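Participant: Could you work out the structure for the sequence below:
(chains A and B)
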Amino acid sequence: MSKYREFKGLDLPAIDAEVLEFWNKEEIFKKSIEERSKDNSFVFYEGPPSANGKPGIHHVMARTVKDLFCRYHTMKGERVERKGGWDTHGLPVELKVEKELGITKDDIGTKISIEDYNKECRAAVMKFKGMWDDLTRKMGYWADLDNPYITFENEYIESVWNLLKNLYDQDLIYKGYTIQPYSPAAGTGLSSHELNMPGAYQDVKDTSAVAQFQLIRNEQSEFLYAEKGEGEVYIIAWTTTPWTLPSNTALAVGKKIDYVKIKTYNPYTKLPVNLILAKELLGKWFKLEQAELDFDSYTPEDKLIPYVILQECKGADLEGIRYEQLLPYVQPEDGDAFRVITGDFVSTADGTGIVHIAPSFGADDMRVGKQNGIGSLTLVDKQGKFVDEVTDFAGRYVKDYQDEADYRSVDIDISIKLKEENKAFNVQKYQHNYPHCWRTDKPILYYPLDSWFIKASDKRERMVELNNTINWKPSHTGEKRFGNWLENLQDWNLSRSRYWGIPLPIWRTAGGDAQICIGSVAELSAEIEKANKALGLSQNTPEDLHKPYIDDVILVSEDGREMRREADLIDVWFDSGSMPYAQWHYPMENEEIFNNNFPADFICEGVDQTRGWFYSLHAIASMVKDSVAYKNVVSTGLVLDKNGVKMSKRLGNVIDPFETLAKYGADPTRWYMMTNAQPWDNLKFDIAGVEEVKRKFFGTLYNTYSFFSLYANIDGFEYKEDRIPLSERTEIDRWIISLLNTLIQEVDAEYANYEPTNAGRKIQSFVEDHLSNWYVRLCRRRFWKGDYTHDKIAAYQTLYECLNTVAKLMSPIAPFFGDWLYKNLNEATGLEDHVSVHLSLLPEVDATAIDKALEQRMDYAQRISSLVLSLRKKEKLRVRQPLQKVLLPILDDKFQEQVDLVKDLILSEVNIKEIEYLTDDDGFIKKKIKPNFKTLGRKLGKNMKAAAQHINGLDQAAISAIEKNNQYTLEINGESYELTTEDFEISADEIPGWQVASDGDITVALDITLTDDLKNEGIARELVNRIQNIRKSSDFDVTDRIKVTIESHDVVAASLADYQDYVAMEVLADSITQAATSDGESVELVDGVSVQIAVAKA
RNA sequence: AGUCUCGUAGCUCAGCUGGUUAGAGCACUACACUGAUAAUGUAGGGGUCGGCGGUUCAAGUCCGCCCGAGACUACCA
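Facilitator: Numbers count the residues shown, from 1 in each chain, chains lettered A, B, ... in the order given. Predicted structure coming up:
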C-alpha cells in the first residue's frame, strides 16, 4: 500500500534541496518545455545581467516575477523557452579591469596593448558567472543556462551589425555633433556615469558677469522705445562662464515671465541706460532705496544709482527681437542668430530671468538653438583655448588646463573688456557647483563632439503608437514615464569612445565623403577582398570582430580611395536591445526560430530599465521590424532595506541572497516578495516578513497536509474509490469545493493579468482562513472518528482535492513546495499522470461547483459562531459546556432558509443544542433603521442630511410598516419621495432581557440556563478532554484501545450515569471503572472538582 | 530643476466607479482551547487616512497648492 509521506517538522531548505535534485535528475525543466507544442509558444526574453558583479537580493525579486509567469504559462499548456543571456560590454567592465590592473585609460596603448586590455575585459566579465548560475538554481529560477547568448561573441556582434546596417539603409544613421561633457585636460569626452562619480561636482568660485545686450530698434522692438530714458535699450543676461560670451548667439526668456524695462545708469561707465530684466529679480540687482532717488540730482560720483521702472511686458512680447552681437569676432553661418527666443527652462530662480545662449557650450542651448534655427559659434578649441579669430584672447585657455604658473583668468579679462565697452552691468565672484574631470580634477566643458546617431526622432510617432499597444505593469510606467520620454524623443547617440564593446561597422574616407556600413562578416570579407585587390593589400577577415583587429581593416571606396573605420564603439544599450535577433544569430541563421519568437509575450526588469533596455528593445523593433518587441512588460520596483533605505555596502544593510535562501528556503523568500507589496512598488525587505510567511502560510499548509497524511495513512485512503459527486457530499465539503473553484477562477485571472500579488494573497487567504481554520477545524472528527464510511471518504477526497489544487496554484510562486506537496499527494494515489506539478496543467474551473448561496450561508455560519463564542466568553462559559439554545432574529425568510442549511455546523462548532428563530411577529426584537446613503443620496441630493436625521428617528411601528409595505413616503422640505426597503438598512438592535451580540445585519442571543443534564454532559466532555490529554502525554498511538479508571466522585458518577458510553467511544476505551482510588493523574474537571484518572492500554 | 510614483494603526499592507462605526496580518495585553499543538480561538488598546484649500447633500477616495520619501532624466544661465 502506498503511503503519504509523513514528516517530523517543516524544513523548507531541505525541501528545496530534495526537489532541486529531483528536477535535476528527471530534467523537469527540459521536459516542461519539450512536452509542450511549438505551435503554442509563450515568448519570454531574458534581459541579460552583467556577470562582472555579484548578484543581490533584488535580482531574486525580478527573477521571481520572470519565473512565475513563465511557469504559469507552462501550466497553461504553452511552450516557454527561456534562453539565458549575458551582457558583457560597457564601461563598468572597463573600469573594473582598470581598477584591478591598477591602470587608467591613458595607459591603454602604452602600458597595456588594446589587445591585452580587451582580453582582460573578456575574462573579467564572466568572473561571477558561477555565482549567478548558483543563485539561479537555488532560487528556483528556470532558465537555459547551457546555451545563453553572450554579447561579445562574434555571431552576436554580426547580428548587431546587421541591425545597424538595416537602419543605415533606411537612412536613419548619421554623424552629427552633440554637446557632451568634455575634459580638455584629458582630451576626452566623459560619460554621465563618470560625471556622477563622487567628487566630480566641486564648489568653485568663478567670475560671473551680467552682460548688456543692445537691442536693435525696428518695427518689432519699437514698443520698447516709446518711452525711454537717455541712452540705448539693453537686455541683461547673467553667466557664470563669461568665456562663452564670444560664442553667444541668442538670448532666451520665459514666455510667461514678467519683464520690466527700467531707466538707470551703468555702474561702471555711469552712462544712462535702459535695461530689461525679469520683474521678480529686480530686487536682486537693485535696492529699494535706489528707486526713490532723484534722477535730476544724480552725479556719477554718487554711490547709489537711481532707477525707475518705465514699462512692463511678458517674455512672449520680447520673442524675436534682435540685438547687436556682444563680441563680434565671428558670425555664425549656420543660422539666423542674435535674436530673443523663448525657452521653457528659463526661470526666475537666479540671474536676470534672461539666459545667455551659446549653443556650442550647453545642452539646453544647443537644443533651443536648433529648435529656433539659431546658428552657433565654437570659438574654443578642443584643448580648451580660444581660436585665432578671437583676436585679443586667441590662444588663451578658458580655464587653467596647463597648470600655468601665471595663469590669468580669461573670465576676468573678458569682464574687464565688457566693463570698458559699456557692455557689463555687473561683475562679481560667484560660488557654484561645477563638474570636474575625475582624472585630471580640472573643470569640464560642455563641448560639441562628433558622434554617430540613430535618427530615432524620425520614428517618434510610430514608437508612441506601438507603445500604446503594450500592456505595461504598472500602467503608469508605460503611459507616463515611458510615454513622456517617447514624446520628447531625442536622437540616439550611439558613439562611445572606448575599447571593449561592439565596433561601429562604418568605414569612411579621410574626408568623409564616401562611406560604407557593413552588415555581416560575409560582406566584410567581400569588401576586404575588394580592398586587397584595389590597394594591393593582403588583409584577412579578423577572427575577432573587436578592437584592435577590426581597426586594422582598410576598405576601399568606389573610386579607389582608402576607407578606415570610424573609431567609435556603440552604446551597450544597443547590444542588449538587439537580443531578440542576435540571440539567434538572426538573420544569418535560425530564421524560423526567430519568427516563432518575436515579439516577446512577456519581459520583466527593474524600472530603471525604462530608458535602458525597455527603450532599446522598443526602439530597435520599431525601426527595424515596425513592431513592438514585447507585448507585456512588468517593471519591478526597488528592494530597499526594512527601513526603506537603499541597500549599499557602505551602510552594511545589504541582504545576502544566498544566506536568506539557505536559511529560509527559496519559496518563503519568493512568496514574501510577491505578496508583501506589488512587485512594482518598492519593497522594504524585512527578514521578519519572510519568517512570518514561513510560519503562517507554509506552516499552516504543512500542518494541513500533515493532518491529512496522518489519517489518510491510517485509513488507507488512496483515492481509489470513484470520485463522490458533490451532490452526495456534505454542505461543508461542497462549500470548500465551491470556494476552491472560485479561487481557481480568480487566481488564474490574476496570473493572466500579471498580478502576482493578488494571486498569492488569494491563495494564502484560502489556505489560512478557509481551508485550515474552518474546513479542517470543523471536520477533524470526520477524519479520525469511526469507520471508513462514505462520508469519511468524501472528506478525504475533498481535502485531497483542495491540497492538490493549492499545490498547482501556488507552484508558479513557490515552485519547490508546490512540487513537493503535489508529489506527496500524487505519488500515494497516482491520480495524475505527471511526475512534477510543473508538467501538469492548471485545473479548470468547475463552474457548476461554485455555489454563491452556499458561500454566503457559510459566511453566516462563521459569523454566527463567532458571535456565540464571544457571548460565551462574556458569560465565562467554556465551549465544552453545552448550552440549550441560541436565539436568532430573522429579518427575512431567505435568511432563515440559509441558516437552517448550516445549522448543524453552527451547533457543533459552538456546542449548543438548538437554534430558535425569532420572527418579527413575536414582538421580541427591537429594530434599528439606518438610511442607505448609496441609493438615497442619488434620489435626495441636497435633502440627504435632513432625511438621514428623520430616518434615524423613526420608531418601531414605522419600521415595521416599512418592512410590511415595502413602501415609505418621505416628506422633506416640502418635497415628497417614494422610498422602498432598498433605501434602508434595517437590523435587529436588541432583544429585551437577553445578552446580544451583533455583527452587521446578524444578531444573536444566548440562552445560558444550565440544566443538570447540560451540566452532566459538560462534565462528560471534560472527562473526555482530560483522558485524551493523558493518552497524548503517555504517547499512545491514536488508534490504541484503553482501559480507564476514575476516582469516585458524585459529579463524575452523575455524569457517567448518562454519558459513560459517549466517553468510552470518544476516548477508545474498552472499559471505564469508577473506584475509590485510581493511582492515576490528578486532574481538575471543573472548579473545585478534582479526581484521579488512570489510563492503561487495553 | 523636470517627469513619475508613494504617504492609511508601532510595522507591512487592503480599501471597488465618492455613501456615514476606515479594515486585515504582525507586534502588544488578557482570557480560552489543546487527537493539526513551535498551531488555534475570543476580546482589547491603538488612526487629525501627510498638511491646507476646493468641488459635493456626502471626500481616505475627485481637483489644486504645499510638505515629506523614492525613482528616473537633466544639470542650469
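Participant: Might you report the residue contacts of the closest residue to residue A:975 other than its chain neighbours?
Facilitator: Nearest residue to residue A:975 in three dimensions, chain neighbours excluded: residue A:943, at 6.5 Å (Cβ to Cβ, 6 or more residues apart in numbering). All C-beta atoms are positioned from the backbone trio N, CA, C, and that covers glycine. Counting by Cβ atoms under 8 Å, 6 or more residues apart in numbering, residue A:943 touches A:972, A:973, A:975.
Participant: Let me have those in a markdown table, extended by neighbour count and distance to residue A:532.
Facilitator: Formatted as a markdown table, those follow (neighbours: other Cβ atoms under 10 Å; distance: Cβ to Cβ, whole Å):
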| residue | neighbour count | distance to residue A:532 |
| --- | --- | --- |
| A:972 | 16 | 100 |
| A:973 | 9 | 100 |
| A:975 | 12 | 99 |
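Participant: what residues does the stretch 451-600 of chain A put near RNA strand B?
Facilitator: Listed as neighbours of RNA strand B in the stretch 451-600 of chain A under the rule Cβ under 7 Å from any atom of the strand: A:476, A:477, A:480, A:481, A:484.
Participant: Please name the nearest non-neighbouring residue to the second one.
Facilitator: It refers to residue A:477. residue A:635 (4.8 Å).
Participant: To what extent is the closest residue to residue A:543 other than its chain neighbours buried, counted in neighbours?
Facilitator: Among residues not flanking residue A:543 along the chain, residue A:549 sits closest, at 7.4 Å (Cβ to Cβ, 6+ apart). Per other Cβ atoms under 10 Å, the neighbour tally for residue A:549 reads 17.
Participant: if I look at residue A:549, how far off is RNA strand B?
Facilitator: Here residue A:549 is placed at a distance of 32 Å from RNA strand B (Cβ to the nearest atom of the strand, to the nearest Å).
Participant: tell me the helices in the stretch 351-500 of chain A, going along the chain?
Facilitator: For the stretch 351-500 of chain A, helices defined by DSSP state H, counting those that start in this stretch occupy the ranges A:363-372, A:410-420, A:460-467, A:475-476, A:483-487.
Participant: and the residue nearest to residue A:227 when sequence neighbours are not counted, how many neighbours?
Facilitator: Nearest residue to residue A:227 in three dimensions, chain neighbours excluded: residue A:310, at 5.4 Å (Cβ to Cβ, 6+ apart). By other Cβ under 10 Å, 17 other residues sit near residue A:310.
Participant: In terms of secondary structure, what does the helix or strand that contains residue A:310 contact?
Facilitator: Assessed by DSSP states H and E, residue A:310 sits inside strand A:308-314. When contacts are defined as 3 or more Cβ pairs under 8 Å, 6 or more residues apart in numbering; DSSP states H and E, strand A:308-314 packs onto strand A:258-265.
Participant: what comes up buried for the strand it packs on?
Facilitator: A:259, A:260, A:261, A:262, A:263, A:264, A:265 (16 or more other Cβ atoms under 10 Å).
Participant: which residues does residue A:33 contact?
Facilitator: A:74, A:79, A:80, A:81.
Participant: Looking at the stretch 251-400 of chain A, which residue is nearest RNA strand B?
Facilitator: residue A:355 (3.0 Å; Cβ to the nearest atom of the strand).
Participant: any idea how far residue A:378 lies from residue A:247?
Facilitator: According to Cβ to Cβ, to the nearest Å, residue A:378 and residue A:247 sit 7 Å apart.
Participant: Skip the chain neighbours and tell me the closest residue to residue A:631.
Facilitator: residue A:601 (5.4 Å).
Participant: Quick one: residues in contact with stretch A:855-874.
Facilitator: Residues from elsewhere that reach stretch A:855-874, judged by Cβ under 8 Å, 6+ apart: A:731-732, A:735, A:738-739, A:742, A:774, A:878-879, A:883, A:886, A:888, A:895, A:898-899, A:901-902, A:905-906, A:909-910, A:912, A:995-1000, A:1002-1006.
Participant: Cheers, nothing more for now.
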